[in-house]
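**Student:** coords please:
(one chain, ligands or ions: 1)
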Amino acid sequence: MKSAKPYTILVSSLLLLSSLCVHAHKTPLITVIGTGYVGLVSGACLAEIGNSVICADIDSSKINSLKNGIMPIYELGLTEIVMHNVTQGRLTFTDDVASAITAADIIFIAVGTPMADDGKADLSYIDDVIETIAENINSYKIIVTKSTVPVGTGKKIRARLENVFHINPQLFSMASNPEFLREGLAVSDFLEPDRLVIGTDSDTALVTLCEIYEPLIAAGIKYVLTDIQTAEMIKYASNGFLSVKISYINEIANLCDATQADVRTVAYTMGLDHRISPYFLNPGPGFGGSCFPKDSQALVYIAQQEGLPFSTLQGALDANRVQQKKAVEKLSRLVNDYNNETLLGKTIAVLGLSFKANTDDVRYSPSISTINELLAQGAFVKVYDPIAMPNMQRIFPSITYCQTLYEAAQDADGIIIMTDWDEIKQMNLAHIKQLMNQPLLVDARNIINPEILKQLGFTCDNIGQSYLCKKQTEYVHKLVPIHLHRRMPFIKFCTK
Ligand code: NAD
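**Tutor:** Coordinates of the predicted model:
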């Protein structure tokens, strides 16, 4: 066992290790524990690159569905990759977690690490898995945390296995291999990641993990080899940074609304600066999903435990809470301006429920805050989402779920667009307007051209381009490069 001295190597120089991996003799059997968004995608993709994988989960109904070819989550390309690898005999599913541990050479832990009440990461699912591993460990295993876990978790797992369960330290190695996939693009993100991170203090684990990822490494994917705590921190630091970036552009958008500036133009031009990059500069209704809110909160908690301030990230979280109320605040103002009324007794359609397009995940979705706020102000809420309604039904069983977005718009006194689904971008706005009781629309994703909305007779608002919704005059085009038009089809660069 090497010492835990931190070392970080950016990898073109690690061809030697790759060749070591290639010549290793036995193909290791991988068990992935937890078959959710990360576990299922990771298991299927590890099989796709040639490994033998068992996906294990305590949720028997989920496993039974998978055995029948039914995916428990909506993710582009997942069904195909699962079916292909099951057919090839590289991927199996089981609810017998103990047997899957016994059989494994490498155990990836991919169970949830949700937010506890005080903001820290709830590691109870991880603890349960470690107990099951301790009860069933029968030969040398590499135990890898793929779940997002606080810095120090790998060390704590080792200490628990050794000191609480009295497992011989020679019987296992610890590693951290955080996952960076994005829901909606999970399969392609796993197979073509921006980077692969492996943290371990064991040479055996390092070589074996390089071996199972060899096809990605050989394809030139950048990888970083480091110690466990640095790997754990990389994941939190990345998600925290993205949260700050989103909250920053959201607050710029709010400032644009107050000053009649155009946030799309601001964001696009900021993004031309390579130090900033054009990504994650889309203003909207606040960030949500199963990762950014909880990981950011957990990182602030870790800083507090260390007695260190983390005011940037705390600020991003505070700003996000405000932003998640923005859409209702804007609709309430439209209703008031339209007929001097409040949202009390009004029927409001919420279009889009998942925290972003192309996923059915509603965890911490800004739609939840929006619906709560609408209900608190006495509105009747109708909703539509192409995929995510069954998941939202568990949170709000009593609101009205519609089969189409036109059904949601029928007799509505206002619409809020919460998710950038293609179906919502492409809806027939003229028909929507005819169906509505009063034509008020807040586009919290900036996916509809306000000029078109105004021409159709809507009164509208959005995030950071409010001036386009209000202004009646024709805009004068400036010379705009053609690629700019394509990126932002409804943006007019204008003299105001
Ligand atoms: P999830 O809730 O979708 O899946 C977790 C699965 O673990 C569930 O199927 C559950 O039944 C199973 N499980 C719980 N306890 C178990 C046990 N004792 N034995 C076997 N199975 C058990 O969670 P997720 O979204 O896949 O997230 C998993 C981890 O990956 C989290 O730490 C998360 O932060 C991290 N992560 C998630 C994403 C994402 O986009 N969802 C991306 C990167 C990292």
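**Student:** Now for the residue in the chain that the ligand sits nearest to: which residues touch it?
**Tutor:** For the chain, the residue closest to the ligand is residue 36, as judged by C-beta to the nearest ligand atom, at 1.8 Å. The way it works is simple: take the backbone N, C-alpha and C, and place the C-beta from them, glycine included. Contacts for residue 36 were tallied using C-beta atoms under 8 Å, 6 or more residues apart in numbering; they are 57, 72-73, 110-112.
**Student:** which of these come close to the ligand?
**Tutor:** Among the contacts of residue 36, the residues lying close to the ligand (C-beta under 6 Å from any ligand atom) are 57, 110-112.
**Student:** And residue 91, its phi and psi?
**Tutor:** In terms of degrees, to the nearest 10, the main-chain angles of residue 91 are phi -130, psi 130.
**Student:** for it, which residues make a bridge with it?
**Tutor:** With DSSP bridges applied, the residues forming beta bridges to residue 91 are residue 53.
**Student:** same question, residue 461
**Tutor:** residue 442.
**Student:** Neighbours of residue 174, how many?
**Tutor:** Burial measure for residue 174: 22 neighbouring residues, criterion other C-beta atoms under 10 Å.
**Student:** Please read the previous query as pertaining to residue 31.
**Tutor:** That count, for residue 31 with other C-beta under 10 Å as the rule, works out to 26.
**Student:** again with residue 258
**Tutor:** Close neighbours of residue 258, defined as other C-beta under 10 Å, add up to 9.
**Student:** try the one 4 residues further on
**Tutor:** When neighbours are counted by other C-beta under 10 Å, residue 262 registers 21.
**Student:** right, and it touches residue 469 too?
**Tutor:** No - if you go by C-beta atoms under 8 Å, residue 262 and residue 469 don't touch, sitting 11.7 Å apart.
**Student:** Would you confirm that residue 415 belongs to a helix?
**Tutor:** No - the secondary structure assignment for residue 415 gives strand rather than a helix, going by DSSP: H, G, I helix; E, B strand; the rest coil.
**Student:** Show me what it is bridged to.
**Tutor:** residue 349, residue 441.
**Student:** coming back round to it: spell out which residues are contacts of both of residue 262 and residue 469.
**Tutor:** With the criterion set as C-beta under 8 Å, 6+ apart, the contacts of residue 262 and residue 469 do not overlap.
**Student:** tell me which parts of this protein are close to the ligand?
**Tutor:** On the criterion C-beta under 6 Å from any ligand atom, the ligand has as its neighbours in the chain the residues 33-39, 56-59, 62, 97, 110-113, 125, 128-129, 147-148, 179, 181, 183, 290-291.
**Student:** If any of the residues you listed are buried, give me the ChimeraX selection for them.
**Tutor:** ChimeraX command restricting these to the buried ones, with burial defined by 16 or more other C-beta atoms under 10 Å:
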select :33,34,35,36,37,38,39,56,57,58,62,97,110,111,112,113,125,129,147,148,179,181,183,290,291
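**Student:** Okay, and which of the residues of the chain next to the ligand map to strands?
**Tutor:** Among these, the residues falling in strands (DSSP state E) are 33, 56.
**Student:** Cross the residues of the chain next to the ligand against helices and list the overlap.
**Tutor:** Counting by DSSP state H, the part of the residues of the chain next to the ligand found in helices is 37-39, 62, 97, 125, 128-129.
**Student:** what's the closest of the residues you listed to residue 402?
**Tutor:** Using C-beta to C-beta, residue 37 comes nearest to residue 402 of these, at 26.0 Å.
**Student:** if I pick that closest one, what's in contact with it?
**Tutor:** Residues in contact with residue 37 (C-beta under 8 Å, 6+ apart) are 73, 75, 181, 183, 186, 290, 361.
**Student:** Would you mind measuring from it to residue 198?
**Tutor:** With the distance defined as C-beta to C-beta, to the nearest Å, residue 37 ends up 21 Å from residue 198.
**Student:** Residue 298 reaches residue 119, doesn't it?
**Tutor:** Yes - between residue 298 and residue 119 there is a contact at 6.7 Å, judged by C-beta under 8 Å.
**Student:** Please say which of those two ends up with more neighbours.
**Tutor:** residue 298 (25 against 17).
**Student:** Let's verify that one: helix, strand, or coil?
**Tutor:** Using three-state DSSP, the three-state assignment for residue 298 comes out as helix.
**Student:** Leaving out the residues flanking it, which one is nearest to it?
**Tutor:** Closest residue to residue 298 in three dimensions, ignoring its sequence neighbours and counting by C-beta to C-beta, 6 or more residues apart in numbering: residue 121, at 4.4 Å.
**Student:** Repeat that for residue 139.
**Tutor:** residue 171 (7.4 Å).
**Student:** so what's the one you found scoring on pLDDT?
**Tutor:** Reading off the per-residue confidence, residue 171 sits at a pLDDT of 98.
**Student:** if I pick it, what's in contact with it?
**Tutor:** Residue 171 makes contact with 137, 139-141, according to C-beta under 8 Å, 6+ apart.
**Student:** Domains in the protein, by residue range?
**Tutor:** Segmentation of the chain into domains, based on automatic domain parsing, reads 9-226, 243-487.
**Student:** hang on, residue 65 packs against residue 79?
**Tutor:** No - between residue 65 and residue 79 there is no contact, the gap being 11.6 Å when judged by C-beta under 8 Å.
**Student:** these two touch, right, residue 334 and residue 440?
**Tutor:** Yes - when contacts are counted by C-beta under 8 Å, residue 334 is listed as touching residue 440 (4.6 Å).
**Student:** Residue 405 - nearest residue in space that isn't next to it in sequence?
**Tutor:** residue 384 (4.6 Å).
**Student:** My reading is that residue 381 is in a helix; is that accurate?
**Tutor:** No - secondary structure of residue 381 (three-state DSSP): strand, not part of a helix.
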